[in-house]
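1. after the sequence you'll find the predicted model.
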Amino acid sequence: MSLDQEVEMMRQIPLFSRIAPAMQKLLCFGSERLTYDPGQVLVKVGDMADAAYVIIEGQAEVSVPSQRGTVVVNTMGKNEVIGEIAIFVDLPRTATVTAITKVEVLRISKDLFINVVRQNPDAAIELIRILAMRLVNTTQQLIKNTAGAK
């Protein structure tokens with residue numbers, strides 16, 4: 001994929017859609033493109049965070065350990081961001097993300113990701129919106145799982 005094609009793809013990702021074209025190019029140029037097969041782990045709970053991932057294609061499930069075993073709290077797909085929480089709080093990963101299908105991602109280093117958010121208020125606001133929606137979805141999933149366990 002050419003740099004122009006990657007920049008066009010970056011424009012489709014809500015988090016990065018309204019940042020300056022030069023910053024979109026920097027993101028593409030500074031990111032690493034990776035592919036994961038079904039069942040392969042993208043990030044593992046407890047690992048230190050050094051990057052965020054944007055799903056280009058495919059689906060991955062987000063799971064957390066619990067007293068009753070592993071609980072799937074979300075399914076992520078195209079244009080969604082994975083792993084951004086841990087890089088902002090300098091804590092180990094809070095969940096494991098596993099490819100359900102073949103998954104293609106852009107791996108964005110911690111420093112580059114934070115720099116983009118710092119320099120682009122629209123990206124920061126979109127990140128807050130994404131995190132808020134993720135919290136709502138996770139809470140609903142946990143309530144559902146708790147109700148089913150009774």
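-> Structure's in. What do you need?
2. just the buried residues of stretch 6-25, please?
-> 6, 7, 9, 10, 13, 15, 16, 19, 23, 24 (16 or more other CB atoms under 10 Å). C-beta: built from backbone N, CA, C; applies to glycine.
3. find the nearest non-adjacent residue to the fourth one, please.
-> Of all residues not flanking residue 10 in the chain, residue 24 sits nearest, at 4.6 Å (CB to CB, 6 or more residues apart in numbering).
4. quick one, what contacts that neighbour?
-> 7, 10, 11, 16 (CB atoms under 8 Å, 6 or more residues apart in numbering).
5. in helices only, show me the buried residues of stretch 6-25.
-> Counted as lying in helices by DSSP state H, out of the buried residues of stretch 6-25, are 6, 7, 9, 10, 23, 24.
6. redo these as TSV? Include distance to residue 125 and pLDDT.
-> Shown next, in TSV, are these (distance: CB to CB, whole Å; pLDDT from 0 to 100):
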residue	distance to residue 125	pLDDT
6	24	80
7	21	82
9	21	83
10	17	82
23	15	87
24	17	87
